[in-house]
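1. could you work out the structure for the sequence below:
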Amino acid sequence: MFSNSLVELDRAHLVHPVASYRGHERMGVRILKNAKGATVTDAAGHRLIDGFAGLWCVNAGYGQESLIEAATRQLSELPYATGYFSLGSEPAIRLAAELAERAPGDLNHVYFTLGGSDAVDSTVRFIRYYWNANGKPEKDQFISLGHGYHGSSTVGAGLTALPAFHAGFGLPFDWQHKIPSHYVYRNPVGTDPSAIIAASLKALEAKIAEVGGAERVAAFFAEPIQGSGGVLVPPAGWLRAVRKLCQDKDILFVADEVITGFGRTGPLFACEEDGVVPDLMTVAKGLTSGYVPMGAVFMSHKVYDVIADRAGENAVGHGYTYSAHPVCAAVGLEALRLYEGGLLDNGRRAGARLMAGLESLKDHSLVGDVRGRGMLAAVELVVDKERKTPLPTTAEPARRIFDRAWDNGLIIRAFPQGVLGYAPPLCCTDAEIDAIVAATRKTLDQTLADKDVRQAMA
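-> I've put the predicted structure just below:
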């Protein structure tokens with residue numbers, strides 16, 4: 001009765017993110033009750049391995065007592081401190097310093113937000129201020145990648161290249177442009193890394209020329225691995241090549257590490273694997289392992305100094321009430337300690353096991369591609385391997401595959417195009433990784449038996 005009443009209250013009042021409102025009303029909510037490690041339990045007592053770490057974010061796993069204690073201590077001591085009026089708190093100051101010490105290159109200045117979307121918005125504001133301060137207000141065009149995701153705020157959703165975030169919202173703005181993704185599995189130039197890199201550089205050069213030349217382009221945004229676009233892993237050297245082109249043309253390069261940061265791909269930041277130092281970098285999600293909301297923008301010396309010198313004694317008019325929140329910062333400090341105290345190492349081992357397990361599914365009739373890095377992976381399903389034909393829309397891949405996996409005790413991300421996304425907590429054991437792979441194979445077998453899928457394969 002209690003659960004049923006919650007379902008009805010949810011239908012009546014709670015607006016869910018990125019959902020069909022009417023569809024959600026019809027199906028009702030699945031209520032999660034508790035969680036520990038990599039396992040969650042719903043209100044009916046059904047236990048599942050969370051193969052998606054909430055929303056790519058519970059990197060440390062659930063029920064980490066030290067994270068809970070850090071938040072509790074800070075709530076008792078100082079539950080809030082504004083960063084306005086030159087005020088601050090010890091946890092926020094120490095977290096900024098610890099992050100700056102570990103960030104690539106000269107990304108030594110940290111502005112705290114409450115998540116990835118407002119971190120992206122903040123970068124746009126900082127970038128505009130930077131070019132105005134440099135006497136180049138005409139550099140007001142922004143470029144990002146097809147299949148990219150940079151949040152769902154008004155500005156970030158325009159940089160995002162997923163149609164659902166544009167339809168009905170009047171986006172993207174006319175100053176927001178896209179070039180094709182590197183998408184190795186479906187790239188028109190084939191799968192050769194050098195050809196894909198060359199094609200991306202050519203596309204970026206063409207887009208720069210199309211919008212009026214480098215003197216008009218403010219910044220280029222890219223995820224080291226594209227997450228919500230289907231976990232698209234670029235060829236080795238791609239990120240470095242694109243960053244160099246931006247540098248040569250005096251275009252700021254922004255690495256969006258909201259998904260890839262804090263051990264998701266192995267190291268603390270995915271940029272490290274490519275030897276790339278961006279001009280700005282956004283993080284969130286794993287920053288606090290999702291326990292409390294927090295994001296951040298890292299700024300290079302170059303960007304920070306131009307903004308600071310231009311403002312002089314005047315205020316830089318950008319701020320949030322909850323920026324540098326002391327409770328969030330306290331959790332972030334403890335999460336960092338956990339990552340470096342063994343979770344990063346465990347994530348690397350578990351990630352290698354996850355990738356090997358998913359690779360073993362390539363013999364399945366529906367598996368067209370397996371890709372990933374560390375604890376970030378995807379399996380792309382097709383009904384014809386030679387032609388790479390996607391699952392038919394009549395098979396409702398997003399809903400049916402998610403439902404089957406759920407019934408099999410596994411939470412994954414089921415994308416509408418028939419891609420299965422994985423981002424388990426870094427604390428996963430070998431047994432849990434093996435269970436993820438086994439539940440996936442069972443889900444694939446059930447999907448193969450789907451009449452809509454069988455008809456498409458006929």
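2. now the closest residue to Gly295 other than its chain neighbours: how far from Gly421?
-> Counting by C-beta to C-beta, 6 or more residues apart in numbering, Ala284 is the residue found nearest to Gly295 once chain neighbours are left out, at 3.3 Å. For glycine as for every other residue, the C-beta is placed from the backbone atoms N, C-alpha and C. According to C-beta to C-beta, to the nearest Å, Ala284 stands 18 Å off from Gly421.
3. the more surrounded of these two?
-> Legend: neighbour count by other C-beta atoms under 10 Å for Ala284 and Gly421, higher for Ala284 (29 against 20).
4. so who does the more buried one touch?
-> Cys57, Thr113, Gly115, Gly116, Ala119, Val258, Gly261, Met294, Gly295, Ala296 (C-beta atoms under 8 Å, 6 or more residues apart in numbering).
5. contact partners for Ala219?
-> Neighbouring residues of Ala219 by C-beta under 8 Å, 6+ apart: Thr123, Val124, Ile127, Phe142, Ile143, Ile251, Leu252, Phe253, Val254, Asp279, Leu280.
6. ok, Leu6 next?
-> Counting by C-beta under 8 Å, 6+ apart, Leu6 touches Val29, Ile31, Ala43.
7. neighbours around the closest residue to the second one other than its chain neighbours, how many?
-> Leaving out its chain neighbours, the residue that sits closest to Ile31 by C-beta to C-beta, 6+ apart is Ala43, at 4.1 Å. Here the count is done by other C-beta under 10 Å, and Ala43 has 16 residues near it.
8. repeat for Phe298
-> Phe298 has 30 neighbours, counted by other C-beta under 10 Å.
9. which strand residues bridge it?
-> For Phe298, the beta-bridge partners are Val110, Met281 (DSSP bridges).
10. what is the subsequent helix or strand relative to the helix or strand containing Ala203?
-> Following DSSP states H and E, the helix or strand that holds Ala203 is helix 193-210. Heading C-terminal from helix 193-210, the first helix or strand you meet, by DSSP H and E, is strand 217-222.
11. hmm, Ala100 is touching Arg94, no?
-> No - between Ala100 and Arg94 there is no contact under C-beta atoms under 8 Å: 10.8 Å.
12. torsion angles phi and psi at the residue nearest the centre of the chain?
-> Nearest to the geometric centre of the chain sits Ile259, at 2.7 Å (C-alpha atoms, centre = their mean). Dihedral angles phi and psi of Ile259 (degrees, to the nearest 10) take the values phi -90, psi -40.
13. excluding chain neighbours, what is closest to it?
-> Spatial nearest neighbour of Ile259, chain neighbours left out: Gly227 (3.9 Å); criterion: C-beta to C-beta, 6+ apart.
14. kindly report the same for Val292.
-> Distance criterion C-beta to C-beta, 6+ apart; nearest residue to Val292, sequence neighbours excluded, is Cys328 at 4.6 Å.
15. so what's the residue count around that neighbour?
-> 26.
16. what of Gly368?
-> Look at Gly368: counted by other C-beta under 10 Å, it has 23 neighbours.
17. check for me that it belongs to a strand.
-> Yes - Gly368 forms part of a strand when assessed by DSSP: H, G, I helix; E, B strand; the rest coil.
18. contacts only, for it.
-> Tyr185, Glu380, Leu381, Val382, Lys385, Lys388.
19. show me the residues you listed that map onto helices.
-> When DSSP state H is applied, the contacts of Gly368 are split such that none fall in helices.
20. now, among these, which is nearest to Thr82?
-> Glu380 (46.4 Å; C-beta to C-beta).
21. that closest one is in contact with Gly229, isn't it?
-> No - if you go by C-beta under 8 Å, Glu380 and Gly229 don't touch, sitting 11.9 Å apart.
22. can you give me the helices for the stretch 151-300 of the chain?
-> 156-159, 193-210, 238-248, 271-274 (DSSP state H, counting those that start in this stretch).
23. give me the distance between Asn59 and Arg348.
-> In this view, Asn59 and Arg348 are 13 Å apart by C-beta to C-beta.
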